[in-house]
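Undergrad: Return atomic coordinates for the entry below.
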Amino acid sequence: MTDLLLLSNSTNHGRDPLEHARDAVAEVLDGRTELVFVPFALADHDGYTERIATAVAPLGVRVRGLHTAADPVAAVRSAPAVFTGGGNTFRLLAELYRRELLEPLRDRVSEGMPYLGASAGTNIAGPTVRTTNDMPIVEPPSLTSLGLVPFQLNPHYVDPDPASRHMGETREKRLAEFHECNDIPVLGLREGTWLRVRGDWAELAGVSTSGGAPGRLFRRGAPGEDVSGDVSDLLAPASEPVWG
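TA: Prediction:
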């Protein structure tokens with residue numbers, strides 16, 4: 001049974017890493033005492049792993065950085081749980097392709113291994129990373145990602161500021177552009193929130209730091225709508241891309 005915790009962000013302003021979601025992390029780990037951490041979205045793998053280890057230590061969980069494994073594929077295949085951290089989505093995906101880790105991760109999740117993601121680690125849980133906010137600082141072989149859920153994700157979703165004089169695209173405008181070429185839902189996750197998935201059940205939870213519902217849902221040809229609580233209907237198979 002698929003078992004996912006997909007966080008918009010790992011750290012709320014003024015709080016320690018994962019502090020705002022510690023109960024949710026404990027629930028998905030369900031007594032497991034070991035976690036494999038995927039730090040490839042940031043350049044400082046050791047420092048990032050240490051920060052996550054400190055964050056989950058109060059839960060009695062030990063952390064192993066995947067970058068330290070002599071055989072990363074074997075480490076994923078034997079991992080009791082995996083947490084993929086945030087940073088740059090393109091760098092993360094490129095490293096997963098280079099180390100041939102996408103298929104082992106998909107396999108383990110299909111076997112019921114808990115997968116936790118934050119920011120970039122949440123982006124790659126969708127079918128592609130085409131709705132990430134990040135700059136493509138490297139070029140992965142493909143934009144196809146893990147496909148753990150059948151819809152696109154947009155962590156760090158920010159609502160338009162009606163008082164802003166900035167003339168560039170808002171997040172909502174960019175997602176509307178995505179839907180000019182694609183027919184697949186996009187779930188925006190506001191800061192401080194997360195998506196929990198277990199089998200055919202999905203729920204939005206957490207407390208948005210900007211107020212309002214945890215998520216905002218975008219579909220092709222329809223205005224965005226705030227969503228919270230049970231969103232299990234999103235787990236239905238998505239349509240194929242439109243492209244034009």
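
Undergrad: So which helix or strand of this structure has the lowest pLDDT on average?
TA: helix 171-181 (a mean of 95; mean pLDDT, DSSP states H and E).

Undergrad: contacting residues around the next helix or strand after that one?
TA: Where DSSP states H and E defines the elements, the next helix or strand beyond helix 171-181 is strand 186-190. The list of residues contacting strand 186-190 from outside it, by CB atoms under 8 Å, 6 or more residues apart in numbering, reads 6-8, 122, 131, 151-159, 171, 175, 178-179, 195, 204, 208-210, 212-219, 224, 227, 231, 234. Every C-beta, even on glycine, is put in place using the N, C-alpha and C of the backbone.

Undergrad: buried set for strand 186-190?
TA: Neighbour counts over strand 186-190 (16 or more other CB atoms under 10 Å) mark Val186, Leu187, Gly188, Leu189, Arg190 as buried.

Undergrad: on that earlier part again, are any of the contacts of strand 186-190 buried, and which?
TA: The buried subset of the contacts of strand 186-190 - by 16+ other CB under 10 Å - is 6-8, 122, 131, 151-157, 159, 171, 175, 178-179, 195, 204, 208-209, 214-218, 224, 227, 231, 234.

Undergrad: The host helix or strand of Ala74: what's the following helix or strand?
TA: Using DSSP H and E, Ala74 maps to helix 72-77. For helix 72-77, the following helix or strand on the C-terminal side (DSSP H and E) is strand 82-84.

Undergrad: Can you list the strands that that next one pairs with?
TA: Looking at strand 82-84 with DSSP bridges, its partner strands are strand 34-38 (parallel), strand 115-118 (parallel).

Undergrad: Mean neighbour count, mean pLDDT and distance to Asp46 added to those, as JSON lines?
TA: Compiled in JSON lines, the strands paired with strand 82-84 are given as follows (neighbours: other CB atoms under 10 Å; pLDDT from 0 to 100; distance: least, CB to CB, whole Å):
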{"stretch": "strand 34-38", "mean neighbour count": "23", "mean pLDDT": "98", "distance to Asp46": "11"}
{"stretch": "strand 115-118", "mean neighbour count": "28", "mean pLDDT": "98", "distance to Asp46": "18"}
